[in-house]
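Asker: The sequence and its predicted three-dimensional model are supplied below.
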Amino acid sequence: MAPRTKTAKKTARPKTAKQPKKSDLGRGTDPARVRKILAKLDETYPDATCALHHQNAFQLLIATILSAQCTDERVNMVTPALFKKYPNPKAFAYADPSELEKEIRPTGFFRNKTKSIMGASKRIVEEFQGEVPRTMDQLLTLPGVARKTANVVLGVAFGIAVGVVVDTHVTRLSHRLDLSGHSDPGKIEIDLMAVIPQEKWISFSHQLIWHGRRICQARKPRCLECTLEPLCYSKDKTI
Ligand code: SF4
């Protein structure tokens, strides 16, 4: 696990965290049931953390941009040489785009990712004195950065919980565990923020992603091995 660059926990809910209507939430959001799910996740995945290798917030930002539509394993194969060649935001900001495209090609969507990486790096250099910003609003001004990436950076690098990371695993698990009835990631995030205590937002995302990768896989969930099985009434269950 890479070290956190600084811990500065914040407790204020973001402006965007509107309370969802009760009818929008999944049926399984009874507080006692949610507490049991969280306890089981803590018991099963006490060390769940981000799988993207990084040494600081900026490297995590770049790795997270690269991880769109790509596995963390593949990103981790590309980033060691990349971070050696481009050791800071300035180096990425003024890179040769055609060279960078070649270097990140294995992660897919390399043209768009090059634009995002160079655009975000340039803005960090020119507007944020070379430092990754620490607020959601500022992070969202960086090219290629949406709430998911911003939540990863804030949560993992800075220990700041302003939202829940909603990726493909969190989306699937939120449905199977009936914590949200929505398909839009932004709405799922709002639902999860309403039912999960804020001090759990960071660990909950990691635990759900680990559970989705290891056990509750998309095509054939391994329900026999699942510690959440007694609490799950998904129609996808294989037992
Ligand atoms: S019981 Fe099956 S469907 Fe439910 S969370 Fe576990 S693995 Fe997923």
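Answerer: Structure received.
Asker: Now do the residue nearest to Glu103 when sequence neighbours are not counted against Thr149, distance only.
Answerer: Of all residues beyond its chain neighbours, the one nearest Glu103 is Leu82 (5.9 Å), with distances taken as C-beta to C-beta, 6 or more residues apart in numbering. The way it works is simple: take the backbone N, C-alpha and C, and place the C-beta from them, glycine included. Separation of Leu82 from Thr149 (C-beta to C-beta, to the nearest Å): 17 Å.
Asker: again, but for Glu43
Answerer: On the measure of C-beta to C-beta, Glu43 and Thr149 end up 29 Å apart.
Asker: Now do Pro3, the pLDDT please.
Answerer: In the predicted model, Pro3 carries a pLDDT score of 41.
Asker: Counting neighbours, what do you get for Tyr45?
Answerer: Neighbourhood size, Tyr45 [other C-beta atoms under 10 Å]: 19.
Asker: I'd say it and Trp210 touch.
Answerer: Yes. Using C-beta atoms under 8 Å, Tyr45 is in contact with Trp210, at 4.9 Å.
Asker: ok but Ala157 is inside a helix, no?
Answerer: Yes. The assignment for Ala157 (DSSP: H, G, I helix; E, B strand; the rest coil) places it in a helix.
Asker: Render the CA-only coordinates of stretch 224-232 in PDB, please.
Answerer: Extracted C-alpha coordinates of stretch 224-232, given in PDB (Å, rounded to 0.1, in the frame of the first residue of the first chain):
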ATOM      1  CA  LEU A 224     -21.200 -20.000  -1.800                       C
ATOM      2  CA  GLU A 225     -18.000 -18.200  -0.700                       C
ATOM      3  CA  CYS A 226     -19.700 -14.900   0.100                       C
ATOM      4  CA  THR A 227     -19.800 -13.600   3.600                       C
ATOM      5  CA  LEU A 228     -22.600 -11.300   2.700                       C
ATOM      6  CA  GLU A 229     -24.800 -14.100   1.400                       C
ATOM      7  CA  PRO A 230     -27.200 -14.200   4.500                       C
ATOM      8  CA  LEU A 231     -27.800 -10.400   3.900                       C
ATOM      9  CA  CYS A 232     -28.200 -10.600   0.100                       C
END
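Asker: Going by neighbour count, list what's buried in that stretch.
Answerer: Within stretch 224-232, the residues scored as buried using 16 or more other C-beta atoms under 10 Å are Cys226, Leu228, Glu229, Leu231, Cys232.
Asker: hmm, back to that, give me the contacts around the helix or strand harbouring the residue nearest to Glu103.
Answerer: Leu82 is part of helix 72-85, with elements assigned from DSSP states H and E. For helix 72-85, contacts defined as C-beta atoms under 8 Å, 6 or more residues apart in numbering pick out 51-55, 59, 62-63, 66-67, 91, 103-104, 106-107.
Asker: 10 Å - rerun?
Answerer: With contact meaning C-beta atoms under 10 Å, 6 or more residues apart in numbering, helix 72-85 is reached by 50-56, 58-60, 62-68, 70-71, 91-92, 95, 99-100, 103-108, 117, 209, 213.
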